[in-house]
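Q: Build the 3D model from these lines:
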Amino acid sequence: MLGQKIYPFLLAAYRWYLLTPERSLNEAYQSALKIKELEDKHFNSQKICPDSAMYSSSVMDYFYTELKKLLRNTQMRLTEFKASRWFSNESKQQAAAKTGIEYTTPVLVLEKLEFIDQVITKYTDDDLERDSTNLVPSPNIVAENQIITQLNRPILPVKSNDREPKRKTDTTGVLPRSILTTITRLQSELDPNSEQDVVKTFRQTQKRTIISIRFILLLIIIPLLTHQIAKAVFVGPLVEHFRSAEAVEVFLNAEMEEEALVELQRFEERIKFENLITNAPTLSPEVLERQMKEKAQEIAEEFWSQSSNAIKNVFADIFSVAAFIWLLFISKSSISVLKDFLDHIVYGLSDSAKAFIIILFTDVFVGFHSPHGWEVILEGLSRHWGLPANRDFIFLFIATFPVILDTIFKYWIFRYLNRISPSAVATYHNMNE
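A: Predicted coordinates:
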């Protein structure tokens, strides 16, 4: 009995062992296909390098990371394929045939190996290292881009021959830095290839701007379209089907009911007031009751529609958030381009502009008048989802969240902005005083 139970597991393990060459070859082939897909989609069917397409340094870093990962997987699977094929012989192939395993024909194996060789032979470790260094901007790029690149560049480990402390004569040059900078700028202007570098840099910046603006528009338009389409096509009919006017209460919460009562009371007072100022005959109780009943039915239909709309908004917002997350998940390269674009805009502002934006942001969200704005936002969200506006929760949120946000913002100014742009921090303090 024990042998009968163990036999299927041993047979499955043996089949897995016999299929190792084909499995390794297929995985290597799939990795090569992914590399080919990157080349066809982003680099005009050419080798993955900055010369094949105009991308920023952040995007090229992303592509090189994916390329190294795929090349490493391809090489490992090819090594596994060769080793498993070396241990394979005719007797094992006959045993595989008895277990129902059919190997890929030699022609297909040769075709896959030839395709893998065509893809991976274009890349070597030296090529990847050389292409990675090409991502650093040339001396002809504007000084602002040079500063941003230096700030984003990772700190390299110190070499053994550089661990000796530098003397002051080493750190301080013989000539002032401004003179050396001027000489470097003149050399770049006299360089015959400087015009080509400027054009190439402009094209990269233009493509980065187009990609960033398009991605920002997609982040706004796709969730809104998803909300409207889901609300009109899926959520709306389902809510109206399961929520009939006869079987469900009109009001979702007590605030809606109180609002309806106030509106009905104002309607009754307005009828009586109009009757008094126009010297019309006194309304009979029957006529007044009939008008009140018609108005009450109209108010009930209106609030029933508002309640149904609030329920639809809850489920439609879930679809919108899912679409937004899905868009972020599939747009990793666009996110890198957008980050580079925003860094270029933010660090390109003058010190006074940076200080102005900081003061405007802090005054709106954490300033003296910000509690009124947060109260309006929270009440609007409550009405949007059909929830009662809990005053205790609103006051607690206003008392804690802006304070936390202000603390985080001050820490960001102290920790990062003070290191990146100390002059902007000084301007901010002067303007804030």
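
Q: Can you give the domain ranges for this protein?
A: Here the domain parsing of the chain from automatic domain parsing is 2-136, 196-331, 349-432.

Q: out of those, nearest to residue 340?
A: domain 2-136 (4.7 Å; Cβ to Cβ). For glycine as for every other residue, the C-beta is placed from the backbone atoms N, C-alpha and C.

Q: ok, residue 44 to residue 66 distance?
A: 17 Å (Cβ to Cβ, to the nearest Å).

Q: Give me the more crowded residue out of these two.
A: residue 66 (16 against 9; other Cβ atoms under 10 Å).

Q: give the contact list for the more buried one.
A: Counting by Cβ atoms under 8 Å, 6 or more residues apart in numbering, residue 66 makes contact with residue 38.

Q: and the strand or helix carrying it, how far from the chain's centre?
A: In this structure, residue 66 sits in helix 57-87 according to DSSP states H and E. Computed by Cα atoms, centre = their mean, to the nearest Å, the chain-centroid distance of helix 57-87 equals 27 Å.

Q: Kindly report the same for stretch 37-46.
A: On Cα atoms, centre = their mean, the centre of stretch 37-46 falls 23 Å from that of its chain.

Q: Report the backbone C-alpha coordinates of that stretch in CSV.
A: Provided in CSV are the C-alpha atoms of stretch 37-46 (Å, rounded to 0.1, in the frame of the first residue of the first chain):
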residue,chain,number,x,y,z
GLU,A,37,9.8,43.0,-27.4
LEU,A,38,11.6,45.8,-25.5
GLU,A,39,13.8,46.5,-28.6
ASP,A,40,10.8,46.5,-31.0
LYS,A,41,8.6,48.6,-28.8
HIS,A,42,10.9,51.3,-27.4
PHE,A,43,14.2,51.2,-29.5
ASN,A,44,13.0,50.8,-33.1
SER,A,45,14.1,47.1,-33.2
GLN,A,46,17.7,48.2,-32.4
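
Q: Dihedrals phi and psi, residue 331?
A: Per-residue torsions, residue 331: phi -120, psi 50 (degrees, to the nearest 10).

Q: Can you give me the distance of the closest residue to it other than its chain neighbours to residue 384?
A: Leaving out its chain neighbours, the residue that sits closest to residue 331 by Cβ to Cβ, 6 or more residues apart in numbering is residue 215, at 6.4 Å. Using Cβ to Cβ, we find residue 215 at a distance of 27 Å from residue 384.

Q: and those two? which has more neighbours close in?
A: Neighbour totals were compared for residue 215 and residue 384, and residue 215 leads with 18 against 13 (other Cβ under 10 Å).

Q: Pretty sure that one sits against residue 337.
A: Yes - assessed by Cβ atoms under 8 Å, residue 215 is found in contact with residue 337 at 7.2 Å.

Q: Could you grab the helix/strand/coil label for the residue most central in space within the chain?
A: The chain has residue 328 as the residue nearest its centroid, 3.6 Å off, counting by Cα atoms, centre = their mean. At residue 328 the chain is in helix, as set by DSSP: H, G, I helix; E, B strand; the rest coil.

Q: Which residue comes closest to it once chain neighbours are left out?
A: Distances taken as Cβ to Cβ, 6+ apart put residue 335 closest to residue 328, at 6.8 Å, once the chain neighbours are dropped.
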